[in-house]
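Colleague: Here is the input, now give the coordinates:
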Amino acid sequence: MAVAVISRATTETVEPTERIGFWEDYNRKALVGLSCTSYSDRGLLARQTNFQVDGVRLAEIAGNAHVVERTPQKARSAPKDSVFATLLLKGEAVFLHEHGCLAVNPGDLVVYDTRRPYLFGFSSDMRQILVDIPREVFARTCLAGNMPAPMHFGRGAAHEGTLLSALRALLGGVLTPHGAASPPVPLPGAGGLRPGGADAILDLIRLLALDRAGDGAIATGLLSQLIIAEDYIERHLHDPCLTAGRVASVMGISARHLSRVFEPSGTTPSRFILQRRLERARHQLADSAARELTIADIAYRLGFSSQAHFARVFRAQFGRTPSEERSAGAGA
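Modeller: Numbering: from 1, shown residues only. Modelled structure (predicted):
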């Protein structure tokens with residue numbers, strides 16, 4: 001997964017009377033043309049970091065209470081042919097659009113068309129992660145056709161909440177709370193997708209959008225369950241008690257059904273857990289920043305019961321011992 005910081009900006013170093021103009025100008029260049037209003041005595045206090053994650057852009061935005069609006073005039077004068085998927089992490093908001101008003105709570109996701117006018121109002125300190133998806137990419141990978149109204153996720157069925165949790169975990173692995181790129185740690189993918197890359201992000205948004213569009217059989221099918229299972233496994237690789245049975249129990253399905261979920265990928269849940277642990281270990285062995293960790297440390301941190309067992313399965317997988325892998329990385 002390739003993560004690059006494109007730009008950063010904050011209004012905190014700008015004179016209070018110039019903050020609105022500065023923020024509007026920055027967003028017009030970095031994200032989307034919009035108008036901004038702040039009713040705070042302190043003025044607008046906001047910061048933004050824009051990232052490139054493979055072929056998709058992300059923006060992490062935080063600030064105090066304020067309103068951003070993409071008016072019909074702004075949509076015409078500063079065209080933007082994208083679909084935004086905004087995940088609210090902190091604060092409460094309202095999203096006004098031509099068909100009504102949405103109340104957005106922490107953990108909710110709103111997917112909307114930047115060609116259509118909207119207003120996003122935040123009543124208190126806020127933080128959000130925004131996925132900027134070019135329209136042709138959204139139509140090809142997420143949902144074909146036009147999207148006449150915004151899609152609001154967060155109060156649907158249980159599987160919707162599970163998909164949202166997977167999306168939050170995936171995005172959280174890319175961005176830190178301080179707006180800096182995380183180390184390139186692989187994250188869950190599905191069906192041959194590159195783990196943790198833009199494809200995995202788009203795939204979760206696709207599953208949510210298909211379900212809302214009425215194709216729930218796809219969104220609740222094996223691919224959805226595979227993404228959820230891989231997400232849980234990825235976040236618990238350190239747990240020595242992580243087993244296929246544990247994953248099945250957490251998902252509320254049988255171990256036999258979990259095996260069917262992994263079957264199209266050509267593997268089993270147990271083999272997938274071992275494979276991901278070994279791949280993570282290989283990455284850490286080659287990482288110069290992890291030189292202070294012993295091989296035993298790496299083995300235990302990734303849930304292996306002993307260093308001897310780790311060395312044996314590592315050599316069977318990669319054809320050399322962990323020590324040889326570390327030496328090869330040091331000489332590269």
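Colleague: Identify the bridge partners of residue 62.
Modeller: Beta-bridge pairing for residue 62 (DSSP bridges): residue 47, residue 127.
Colleague: what number of residues lie near it?
Modeller: Look at residue 62: counted by other Cβ atoms under 10 Å, it has 21 neighbours. Just so you know, the C-beta spots here come from the backbone N, C-alpha and C atoms, and that holds for glycine as well.
Colleague: So it sits against residue 46, correct?
Modeller: Yes. Applying Cβ atoms under 8 Å as the test, residue 62 and residue 46 come out as touching, 6.9 Å apart.
Colleague: Residues in contact with the host helix or strand of residue 282: which ones?
Modeller: Element membership of residue 282, judged by DSSP states H and E, is helix 269-286. The list of residues contacting helix 269-286 from outside it, by Cβ atoms under 8 Å, 6 or more residues apart in numbering, reads 185-186, 229-230, 233-234, 237, 242-244, 247-248, 255, 258-259, 261-262, 265, 267, 290, 293, 295, 298-299, 302-304, 310, 313-314, 317-318, 322, 325-326, 328-329, 332.
Colleague: Would you mind listing which of these are buried?
Modeller: 186, 229-230, 233-234, 237, 242, 244, 247-248, 258, 261-262, 290, 293, 295, 298-299, 302-304, 310, 313-314, 318, 322, 325-326, 329 (16 or more other Cβ atoms under 10 Å).
Colleague: In helices only, show me the residues you listed.
Modeller: Among those, the residues falling in helices (DSSP state H) are 229-230, 233-234, 244, 247-248, 258, 261-262, 295, 298-299, 310, 313-314, 318, 322, 325-326, 329.
Colleague: circling back: how far out from the middle of the chain is the helix holding residue 282?
Modeller: Computed by Cα atoms, centre = their mean, to the nearest Å, the chain-centroid distance of helix 269-286 equals 21 Å.
Colleague: what does the average pLDDT come to for it?
Modeller: Average pLDDT, helix 269-286: 94.
Colleague: got it, and stretch 20-37?
Modeller: Per-residue scores along stretch 20-37 average to 96.
Colleague: List the buried residues in it.
Modeller: Under the neighbour-count criterion of 16+ other Cβ under 10 Å, stretch 20-37 has 20, 22-24, 26-27, 30-34, 36 buried.
Colleague: Residue 199: which of the residues you listed is nearest?
Modeller: The closest of the buried residues of stretch 20-37 to residue 199 turns out to be residue 31 (Cβ to Cβ; 22.0 Å).
Colleague: ok, residue 67 touching residue 34?
Modeller: No. If you go by Cβ under 8 Å, residue 67 and residue 34 don't touch, sitting 9.7 Å apart.
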